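Undergrad: Sequence first, predicted model second:
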Amino acid sequence: MMRSGTRRVVFLSMLVAMGTALHVVEGMLAIPLPVPGVKLGLANIVTVLAIYLYGLRDGMTVALLRVLLGSLIGGVFLAPGFLLGLTGAVSSTLVMAILLKRTRCFSMIGISMAGAVGHNIGQLLAASLLLQTSAVLYYLPILLLAGIPTGMFTGYLLNSLLEHKSEIFRDFA
């Protein structure tokens, strides 16, 4: 029988592995939209799950490690794309953790949508700093329109996962 601390570390490691795999696979998917940079955000599911089960610190750890490992596997470590992904992951994790732990008025779908919006805002602010221009912020309305349905989709998947929480996570949470 595993002790609870060991169980937590094993489960968080599994979340990092799943998030990394989703991050890499999603990087290979071409979404048929005329909007560059739009992704489904599937790796955010594991981040929200870590926040939900263990809190902000562990959620942030999962988010940071999945971005780091995903960028190493994808060969973009320390490239601008890595920095944008890192900034987006940190900002979305903070937004989702605040909504999940400090409010009771948002569903998982709402929290996921807010995370997608936070991710987009964080990435555009980082791009603005990297490029030293605020012109990229004009892209925000387009990314927000794309982030809302993708956030809804990942929130729906997360809800489906949480419906079976007792069977799936019985040994870990």
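TA: Everything's here; your move.

Undergrad: shaky segments in this structure?
TA: Counting by pLDDT under 70, the chain contains low-confidence ranges at 1-2, 30-37, 166-173.

Undergrad: Please point out which parts of stretch 147-158 sit buried.
TA: 147, 150, 151, 153, 154, 155, 157, 158 (16 or more other C-beta atoms under 10 Å). C-beta coordinates here come from the backbone N, C-alpha and C atoms, glycine included.

Undergrad: likewise stretch 16-29?
TA: For stretch 16-29, a neighbour-count test (16+ other C-beta under 10 Å) marks 16, 18, 19, 20, 21, 22, 23, 24, 27 as buried.

Undergrad: Including secondary structure and distance to residue 131, could these go into a markdown table?
TA: Below are those laid out as a markdown table (DSSP: H, G, I helix; E, B strand; the rest coil; distance: C-beta to C-beta, whole Å):
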| residue | secondary structure | distance to residue 131 |
| --- | --- | --- |
| 16 | helix | 31 |
| 18 | helix | 33 |
| 19 | helix | 28 |
| 20 | helix | 28 |
| 21 | helix | 31 |
| 22 | helix | 28 |
| 23 | helix | 24 |
| 24 | helix | 26 |
| 27 | helix | 22 |
